[in-house]
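>>> Quick one: sequence plus predicted model below, questions after.
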Amino acid sequence: MSKRREFSAEFKLETVLEGVRGEKSVAQICRERDITDSLYYKWRDEFNQNAAKLFADKRRTGTDESAERVAELERLVGRLTMALEIAKKASGLLGSRWKGNGR
């Protein structure tokens, strides 16, 4: 019974990128790295699928984070507006009392 070899993510990435660049044939890459061509194609397909998701997720995540930040800032503006209105009313009430006392 043979033990399955485990390859690092860096090894897989380097292998796939070498094939994508087209500097060598897939057969040559597989010989040099001692892997089967079916394994190379599996890694390549996985790379292609995940690369698309990576870019899509970044855009959605950034948008979600921005929307969340905008909502947080809008809530803060609302609270500050209410505090300002309360301060204006209190100032108006206190100002009219002082004028009535002869000041």
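Looks like it came in fine.
>>> Please work out how many residues are found near residue 82.
Residue neighbour count, defined by other C-beta atoms under 10 Å, stands at 10 for residue 82. The C-beta positions use only the backbone N, C-alpha and C, and glycine is treated the same way.
>>> again but with residue 53, I slipped
9.
>>> In which helix or strand does it reside?
helix 37-100 (DSSP states H and E).
>>> so how far is that helix off the chain centroid?
How far helix 37-100 lies from its chain's middle: 14 Å, per C-alpha atoms, centre = their mean, to the nearest Å.
>>> Any stretches of this structure with poor pLDDT?
Along the chain, segments meeting pLDDT under 70 span 1-2, 57-63, 97-103.
>>> Go again with 90.
1-5, 23, 48-69, 83, 86, 88-103 (pLDDT under 90).
>>> same for the helix holding residue 53, what does it pack against?
helix 9-21, helix 26-33 (3 or more C-beta pairs under 8 Å, 6 or more residues apart in numbering; DSSP states H and E).
>>> quick check: angle from the last one to helix 37-100?
In this case it means helix 26-33. Helix 26-33 runs at 90 degrees relative to helix 37-100, counting by axes from the mean of the first three to the mean of the last three C-alpha atoms, to 10 degrees.
>>> Identify the residues contacting helix 26-33?
Applying C-beta atoms under 8 Å, 6 or more residues apart in numbering, the contact partners of helix 26-33 are 11, 15, 18-19, 24, 36-37, 39-41.
>>> Which members of the residues you listed are classed as buried?
15, 18-19, 40 (16 or more other C-beta atoms under 10 Å).
>>> that older thread, now the helix holding residue 53 against helix 9-21, angle please.
Using the same axes, to 10 degrees: helix 37-100 against helix 9-21 is 110 degrees.
>>> re the thing from before, so which pair among the buried ones among the contacts of helix 26-33 is furthest apart in space?
With C-beta to C-beta as the measure, no two of the buried ones among the contacts of helix 26-33 lie farther apart than 18 and 40, at 9.6 Å.
>>> that older thread, adding distance to residue 75, write the helices and strands packed on helix 37-100 out as CSV.
Shown next, in CSV, are these (distance: least, C-beta to C-beta, whole Å):
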stretch, distance to residue 75
helix 9-21, 41
helix 26-33, 55
